[in-house]
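A.B. asks: coords please:
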Amino acid sequence: MQPREVLSVDEIKLSDIALWLRPMEEREGAFATLRRERPVSFHEEPLVPEGMDFPRGRGYWAVTKHADILHVSRNPEIFCSGQGTNIGDLPEPFLEYFGNMINMDGKRHARMRGIVSRGFTPRMIQRAEESVERAVAKIMENVIEKGECDFVKEIAARLPLAIICDMMGIPESQHDFVIENSNAIIGVAGGDPEFVTDPADIIPRILNGGQALNELCKELAIERRKTPTDDLVSALVNSEIEGQSLTDEELGSFFVLLVVAGNETTRNAISHGMKALCDYPEQREIWARDFEGIAPTAVDEIIRWASPVLSFRRTATQDTEIRGQAISEGDKVVLWYNSGNRDEEVFENPFKFDVRRTQNEHVAFGGPGPHFCLGAHLARREVTIMFREIFRTLPDLEITSEPDRLWSNFVHGIKRMNCRFTPGGARA
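C.D. replies: This next block holds a predicted model:
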């Protein structure tokens, strides 16, 4: 893939949905233009749909260069998260309800992350990795005789959901309930017309989806306080820092974050990765010849290539500057991770999918600093084991339709994408 720069720098409007409906080459071209001509650029905020009682902000600075994303990420005292990580301003209850740790700063963030980190013990991580092996085997078993399926729905989406639910102790009977509400939150929040027919329904539907997930987790918390098991909910409700543990509200909010962030991002990395391996068969062959040897670089290349989270916002806490551009206190600063991961000054041939890429300091898990993704290690393991099993069990799997992409400038999502393989797979 090579970027096509069909828009002048003044024509690039990052809040305009029309940009995100352009072919991928033209979207990449727009960011290539920004990186070269206006690496820190100002943009209007999206229009607030009729029926949503939110104020429209005055705009934001788009940060598109890798080095500047690192700078902002490493300086949370100058560029804070506590005023929101979405481009648009949300009421404070939304920040608490849907953002949890990602919308916190300082001691409050450290306390929350510290308690959550204690739940991710070596034993819990080992259990999660064993769960990945079982989940992937079951996914393959469920599709192997079909010969074709929706890769996103029946393969990619099933893995992270199964792992999160298993870690939290949520029974399999509730898995579809969890994924339906997760999809609704992401799709509705992004304004995708598949999920939104009436803008006035956006807020109620997001709240309903979040509340449903929140209540499910709170019910589990009540049970685990009475009868602890070895799942993550039990670990979290019984962990303390300086005498403080998570409240039911904090636990429920964390679960919403975990489901939306952990499920959506990993499944999209797997989906984009499969499409890339089909588009670049020579790279697929390189990996297939030495799966274990190539896996560490191949998985990070998939994650860089996919950049599942496109953007996150920060807010300037003081007057400052980025690359010589003055930034005033209170200004919004949006980090475009997808652009940082294509920065020509950092990545050699950034538009080439290369499973042996060794210089790969991507920012797909967020930049360095306190908000680096807590689940990065587990995400890498999920991607590794999924492709190991695809190569072993469904070696001739091919994507047969163009990805149906999510309308969003936040999540680089694929809603559906058909695939075909020999029924029975390697057993045939």
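A.B. asks: how far away is Thr297 from Arg304?
C.D. replies: Using CB to CB, to the nearest Å, Thr297 is found at 10 Å from Arg304. All C-beta spots, glycine's among them, are computed from the backbone N, C-alpha and C.
A.B. asks: oops, could you answer that again for Ser182 instead?
C.D. replies: The spacing between Ser182 and Arg304, counted by CB to CB, is 24 Å.
A.B. asks: repeat that for Gln174.
C.D. replies: To Arg304, Gln174 is 33 Å away according to CB to CB.
A.B. asks: neighbour count: the two, which is higher?
C.D. replies: Using other CB atoms under 10 Å as the criterion, Gln174 and Arg304 rank with Arg304 on top: 24 against 13.
A.B. asks: where does the more buried one fall, secondary structure wise?
C.D. replies: In the assignment (DSSP states H and E), Arg304 maps to helix 291-306.
A.B. asks: give the rounded mean pLDDT of that helix.
C.D. replies: Mean pLDDT, helix 291-306: 98.
A.B. asks: name the helices or strands packed onto it?
C.D. replies: If contacts are counted by 3 or more CB pairs under 8 Å, 6 or more residues apart in numbering; DSSP states H and E, helix 291-306 sits against helix 264-279, helix 281-289, helix 376-393.
A.B. asks: if we go to 10 Å?
C.D. replies: If you count contacts as 3 or more CB pairs under 10 Å, 6 or more residues apart in numbering; DSSP states H and E, helix 291-306 packs onto helix 264-279, helix 281-289, helix 337-340, helix 376-393.
A.B. asks: after that helix comes which helix or strand?
C.D. replies: Where DSSP H and E defines the elements, the next helix or strand beyond helix 291-306 is strand 311-316.
A.B. asks: that following strand pairs with which strands, and in what direction?
C.D. replies: When pairing is defined by DSSP bridges, strand 311-316 lines up against strand 79-80 (antiparallel), strand 332-336 (antiparallel).
A.B. asks: Leu207: which of those strands is closest?
C.D. replies: Closest of the strands paired with strand 311-316 to Leu207 is strand 332-336, at 23.7 Å (criterion: CB to CB).
A.B. asks: buried ones in the closest one?
C.D. replies: For strand 332-336, burial by neighbour count (16 or more other CB atoms under 10 Å) applies to Lys332, Val333, Val334, Leu335, Trp336.
A.B. asks: got TSV for those, with distance to Phe291 and pLDDT too?
C.D. replies: Below are those laid out as TSV (distance: CB to CB, whole Å; pLDDT from 0 to 100):
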residue	distance to Phe291	pLDDT
Lys332	43	97
Val333	40	98
Val334	37	98
Leu335	33	97
Trp336	32	98
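A.B. asks: what helix or strand does Phe42 sit in?
C.D. replies: Secondary structure assigned from DSSP H and E places Phe42 in strand 40-43.
A.B. asks: also Cys149?
C.D. replies: For Cys149, the host element (DSSP H and E) is strand 148-150.
A.B. asks: what does Glu329 give?
C.D. replies: With DSSP H and E as criterion, Glu329 is part of no helix or strand.
A.B. asks: how many residues are close by it?
C.D. replies: When neighbours are counted by other CB under 10 Å, Glu329 registers 11.
A.B. asks: roughly how far apart are it and Ile87?
C.D. replies: Taken as CB to CB, the span from Glu329 to Ile87 is 18 Å.
A.B. asks: then stretch 288-296 to CSV, C-alphas only?
C.D. replies: Backbone C-alpha positions of stretch 288-296 (Å, rounded to 0.1, in the frame of the first residue of the first chain) are rendered in CSV as follows:
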residue,chain,number,x,y,z
ALA,A,288,5.0,-19.8,8.1
ARG,A,289,8.5,-21.2,7.4
ASP,A,290,9.7,-20.2,10.9
PHE,A,291,6.7,-19.3,13.0
GLU,A,292,8.3,-19.2,16.4
GLY,A,293,11.4,-17.4,15.3
ILE,A,294,9.5,-14.7,13.4
ALA,A,295,6.6,-14.4,15.8
PRO,A,296,8.0,-11.6,18.1
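A.B. asks: what separates that stretch from the chain centre, distance-wise?
C.D. replies: In terms of CA atoms, centre = their mean, to the nearest Å, the centre of stretch 288-296 is found 25 Å from the chain centre.
A.B. asks: same deal with stretch 295-308?
C.D. replies: With CA atoms, centre = their mean, you get 13 Å for stretch 295-308.
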